[in-house]
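In: I would like to see how this sequence folds:
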Amino acid sequence: MTTDAAQAAKEIRKAIKAHGLKARVRSSNYSQGSSVNVTLTDELPATVAAVADFAKKYQWEDNHSNDLPQARFVFVEVDFSEAVVQAAKDYVAANYPADCYDLDMMPYRILRGSEESTFWAAYKPRKAA
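Out: Numbering: from 1, shown residues only. From the prediction side, this is the model:
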């Protein structure tokens, strides 16, 4: 018998694939709960946010529904390849002064969308999900 978390992971994976995205989607069951972990790679911050918004309906806390399989927790995160991290570092070196506050963390802030920049438009010009 397949658990609700495994069924939720399967439905999330199917929806992500239908939108042309690639992700690792894993489910876990443990004492007192279950979870689904979604890991996207090199995706736009808006895409990650859209996937998180979609996936939360499979989280039991956010949707007490009997019509969807649910897990206790649903986590959506993004990993960045070394090439994308290096591209963001190069972008920062070319576009920010050397004495910029928090220069070492700026590439990661740009990648996660917490810093306004044109990096993603230049690096990965595509529509967000």
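In: just how off-centre is the helix or strand of the chain with the lowest mean pLDDT within its chain?
Out: Ranking every helix and strand in the chain by mean pLDDT, DSSP states H and E puts helix 119-123 at the bottom, with a mean of 82. Distance of helix 119-123 from its chain centroid, counting by Cα atoms, centre = their mean, to the nearest Å, is 17 Å.
In: same thing with stretch 13-32?
Out: Worked out by Cα atoms, centre = their mean, stretch 13-32 lies 11 Å from the chain centre.
In: can you get me the start-to-end distance on it?
Out: Chord length of stretch 13-32, first to last residue, is 24 Å (Cα to Cα, to the nearest Å).
In: which positions in that stretch come out as buried?
Out: If you call a residue buried by 16 or more other Cβ atoms under 10 Å, then stretch 13-32 has these buried ones: 13, 16, 21, 23, 25, 27-28. The C-beta positions use only the backbone N, C-alpha and C, and glycine is treated the same way.
In: repeat for stretch 2-12
Out: Quick answer for stretch 2-12 (16+ other Cβ under 10 Å): 4-9, 11-12.
In: one more: stretch 96-113?
Out: For stretch 96-113, using 16+ other Cβ under 10 Å, the buried residues are 96, 106-108, 110-111, 113.
In: got the buried residues of stretch 2-12 as CSV, with distance to T47 columns?
Out: Formatted as CSV, those follow (distance: Cβ to Cβ, whole Å):
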residue, distance to T47
D4, 26
A5, 23
A6, 24
Q7, 24
A8, 20
A9, 19
E11, 18
I12, 14
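In: quick one: which of those sit in helices?
Out: Judged by DSSP state H, the subset of the buried residues of stretch 2-12 located in helices is 4-9, 11-12.
In: from the contact counts, what lies against the helix or strand K14 falls within?
Out: Assessed by DSSP states H and E, K14 sits inside helix 4-18. Counting contacts by 3 or more Cβ pairs under 8 Å, 6 or more residues apart in numbering; DSSP states H and E, helix 4-18 packs against strand 23-30, strand 33-41, helix 45-55.
In: quick one: average confidence on it?
Out: Mean pLDDT, helix 4-18: 95.
In: what's the angle from that helix to strand 33-41?
Out: Here helix 4-18 runs at 20 degrees with respect to strand 33-41, directions being taken by axes from the mean of the first three to the mean of the last three Cα atoms, to 10 degrees.
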